[in-house]
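Trainee: fold the following and give me the result.
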Amino acid sequence: MTRFRWVICALLFFATTVNYLDRQVLSLTWKDFIALDFHWNDNDYGNITAIFSIFYAFISLFAGKFIDWMGTKKGYIWAIVIWSFGACLHAACGWATMALTGISDIEALRAVEKGSQIALMVSSTSVWLFLACRIILATGEAGNFPAAIKVTAEYFPKKDRAYATSIFNAGASVGALVAPLSIPLLAKSMGWEMSFIIIGAIGFVWAGLWLFLYTAPSQSKYVNKEELEYINSDKGGTVEVKTDKNEPKMSLLDCFKYRQTWAFIVGKLMTDGVWWFFLFWAPAYFSELGYPSSSGMGQALIFVLYLIVTVVSIFGGYLPKLFVEKMGMNPYAGRMRAMLMFAFLPVFAMFAQPLAETSVWWPCIIIGLAGAGHQAWSANLYSTIGDMFPKSAIATITGIGTMFGGLCSFAINKGSGKLFTYAESLGDGFQFFGVTGKPAGYMIVFCYCAVAYLLAWCIMKLLVPKYKVIEL
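Mentor: Purely as a prediction, here's the structure:
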């Protein structure tokens, strides 16, 4: 039997890695580089990440339907080309800000008096320019997971899908792992503009590989009969020749009639914002503790955090396979048991802020474990779609869930930016669980992160207590 399905999985892994690298450039450069040029504060950055999240959520509703309509090959290429262009475009924001504000050079931009009318004009102009670039980035990035989940359902039987998903989903962790080792160095040596251009250009290389290697498994010259039978083992090894174009279709509105859709929505709505909070705010959090991303210690903290996420989360995708093969459980029951186990890892997040006073490595390890719990949870949650929905609807359902996950991310990122700015302004007058000032703001968000997954699991179990396949 050939093993070409794992080549496809590797391509999905690299696409997801690039996806998160492009997303991380801003979070690793704004505090120590970009904010110095444009006089940003936490609220400015919170606005950018929040609007990125809400637009990502809105586009995701249609991105999945677009992938189902366009087809996996063309749809994925469109997605990565758009987001790579948007990523590179960030580099022009400095030049455009100077042109629009009439400031001649970067030194004059930095020399603007803090709190002055000109500083306000510079910050607001640059924020709007970065938002325009983030909207283009979000438009393309919204297509990544609907396309990747659809490809996983095409190339893997149900028992292997969570494991395959955990592998390509680990690209998010690896992207976040590589980012602090590369992006601050690029920004420091070549300027923050080049970090956007170099990282963004990688996506165009991936698009060429995808164009050359991908076809449906029944049409691929790299997949032999034995592998095709394994891929279709859910159907007794019958070679599947029908495509999305001749399968029964499910309209966007019809998707909301099923409890399975709402279970997936709940799983995304209550938990996606937790991951995005860690992704967007962890570098700034460590910087607040005295270790900016431009320092060796700051980079080491981010590296260790996402190393924990990467290693633990891959095992999370393999766990349901053991439940299905060794214990005879159906795929949905196996995934739900695994998700319950991993829902307990984020509980430790409530101890991150108190233990930070002992050592900065405690929040690093705790956030790493919480992030690993999310990624393992996410890999299994995505796979429930392929378990219960027809392939022609997989990208659409993924897009719907991703939209609601983006709404959660918008709320957390927007709320965090305003909360941190407010808490900092009050100082010791702002308290929560014995913590004061801005750290109390972080404590509030960490407490939400701790309970979100267990609450989501309980609601999902109430909505879909047993495995039920949707037939059209």
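Trainee: point out where the chain drops to low pLDDT.
Mentor: For the chain, the stretches with pLDDT under 70 are 235-248, 316-317, 472.
Trainee: and Arg259, what does it touch?
Mentor: 463-464 (C-beta atoms under 8 Å, 6 or more residues apart in numbering). For the C-beta atoms, the positions are set from N, CA and C on the backbone; glycine is no exception.
Trainee: what secondary structure does Gly64 sit in?
Mentor: helix (DSSP: H, G, I helix; E, B strand; the rest coil).
Trainee: quick check: Val347 touching Ala452?
Mentor: No: using C-beta atoms under 8 Å, Val347 is not in contact with Ala452, being 10.0 Å away.
Trainee: what about the two, which has more around it?
Mentor: Between Val347 and Ala452, Ala452 has the larger neighbour count (other C-beta atoms under 10 Å), namely 24 against 18.
Trainee: in this structure the more buried one contacts Lys268, no?
Mentor: No: judged on C-beta under 8 Å, Ala452 makes no contact with Lys268 at a distance of 11.1 Å.
Trainee: hey, where'd the helices end up in the stretch 351-472 of the chain?
Mentor: 352-356, 361-388, 394-426, 438-463 (DSSP state H, counting those that start in this stretch).
Trainee: and the shortest one, how far from the chain's centre?
Mentor: When you say that, I think you mean helix 352-356. In terms of C-alpha atoms, centre = their mean, to the nearest Å, the centre of helix 352-356 is set 25 Å apart from its chain centre.
Trainee: stretch 194-203 too?
Mentor: Counting by C-alpha atoms, centre = their mean, stretch 194-203 comes out at 18 Å from the chain centroid.
Trainee: what sits up against that stretch?
Mentor: So stretch 194-203 is contacted by 18, 21-22, 25, 29, 80-81, 83-91, 182-183, 186-187, 190 (C-beta under 8 Å, 6+ apart).
Trainee: what do you get if the cut-off is 7 Å, keeping everything else the same?
Mentor: Stretch 194-203 is touched from outside by 18, 21-22, 25, 29, 80, 83-84, 87-88, 90-91, 183, 186-187, with contacts defined as C-beta atoms under 7 Å, 6 or more residues apart in numbering.
Trainee: just give me the closest of those to Leu462.
Mentor: For these, the closest approach to Leu462 (C-beta to C-beta) belongs to Trp83, at 36.2 Å.
Trainee: give me the three-state assignment for the closest one.
Mentor: Trp83 is classified as helix under three-state DSSP.
Trainee: which non-adjacent residue is nearest it?
Mentor: Gly140 (2.8 Å; C-beta to C-beta, 6 or more residues apart in numbering).
Trainee: quick one: buried residues of the helix or strand hosting the one you found?
Mentor: In this assignment (DSSP states H and E), Gly140 forms part of helix 117-141. Residues 121-123, 125-127, 129-130, 133-141 are the ones in helix 117-141 that count as buried (16 or more other C-beta atoms under 10 Å).
Trainee: next: stretch 280-297.
Mentor: With burial defined by 16+ other C-beta under 10 Å, the residues of stretch 280-297 counted as buried are 280-289, 291-294.
Trainee: can you check stretch 329-340 too?
Mentor: 329-336, 338-340.
Trainee: can you redo those residues as CSV with distance to Ala423?
Mentor: Listed next are these as CSV, based on distance: C-beta to C-beta, whole Å:
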residue, distance to Ala423
Met329, 46
Asn330, 47
Pro331, 44
Tyr332, 42
Ala333, 43
Gly334, 42
Arg335, 38
Met336, 37
Ala338, 37
Met339, 33
Leu340, 34
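Trainee: wait, which of the residues you listed is closest to Trp275?
Mentor: Among the buried residues of stretch 329-340, and counting by C-beta to C-beta, the member closest to Trp275 is Met339, at 14.5 Å.
Trainee: can you pull the contacts of the closest one?
Mentor: 377, 380-381, 457.
Trainee: try 10 Å this time
Mentor: Met339 makes contacts with 162, 267, 316, 319-320, 373, 376-381, 384, 453, 456-457, 460-461, as judged by C-beta atoms under 10 Å, 6 or more residues apart in numbering.
Trainee: pull out the buried members of those.
Mentor: Buried among these (16+ other C-beta under 10 Å): 162, 267, 316, 319-320, 373, 376-381, 384, 453, 456-457, 460.
Trainee: in the stretch 151-300 of the chain, mark out all the strands, start to finish.
Mentor: Taking DSSP state E, counting those that start in this stretch, the stretch 151-300 of the chain contains no strands at all.
Trainee: any chance of the buried residues of stretch 329-340 in TSV, with secondary structure and distance to Leu407 too?
Mentor: Listed next are the buried residues of stretch 329-340 as TSV, based on DSSP: H, G, I helix; E, B strand; the rest coil; distance: C-beta to C-beta, whole Å:
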residue	secondary structure	distance to Leu407
Met329	coil	32
Asn330	coil	31
Pro331	helix	28
Tyr332	helix	25
Ala333	helix	29
Gly334	helix	29
Arg335	helix	24
Met336	helix	24
Ala338	helix	26
Met339	helix	21
Leu340	helix	24
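Trainee: so what's the residue nearest to Tyr230 when sequence neighbours are not counted up against?
Mentor: Counting by C-beta to C-beta, 6+ apart, Met1 is the residue found nearest to Tyr230 once chain neighbours are left out, at 6.2 Å. Applying C-beta under 10 Å, 6+ apart to Met1 gives the contacts 223-231.
Trainee: neighbours around Pro157, how many?
Mentor: 18.
Trainee: got a list of what it touches?
Mentor: 5, 164, 230-235, 237, 331, 386.
Trainee: now Leu213
Mentor: Leu213 touches 4, 7-8, 10-11, 73, 220, 222, counting by C-beta under 10 Å, 6+ apart.
Trainee: buried subset of the residues you listed, written for ChimeraX?
Mentor: Selection of buried members from those for ChimeraX, criterion 16+ other C-beta under 10 Å:
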select :4,7,8,11,73,220
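Trainee: just the contacts of Leu213: which are in helices?
Mentor: 4, 7-8, 10-11, 73 (DSSP state H).
Trainee: and Met394, how many residues sit next to it?
Mentor: Let me fix one detail, which is that residue 394 is Ile and not Met. 27.
Trainee: I should have written Gly415 there, sorry.
Mentor: Gly415: 18 neighbours (other C-beta under 10 Å).
Trainee: same check, this time on the one 10 residues further on
Mentor: Other residues near Ser425 number 11, with proximity taken as other C-beta under 10 Å.
Trainee: now the two most distant members of the contacts of Pro157.
Mentor: Ala164 and Gly237 (18.9 Å).
Trainee: check contacts around the residue nearest to Val178 when sequence neighbours are not counted.
Mentor: Spatial nearest neighbour of Val178, chain neighbours left out: Leu21 (6.6 Å); criterion: C-beta to C-beta, 6+ apart. Going by C-beta under 10 Å, 6+ apart, Leu21 touches 28, 87, 171-172, 174-179, 182-183, 195, 198-200, 202-203.
Trainee: need the distance between the two termini of stretch 347-355.
Mentor: One end of stretch 347-355 to the other measures 14 Å (C-alpha to C-alpha, to the nearest Å).
Trainee: what does stretch 82-95 give?
Mentor: 22 Å.
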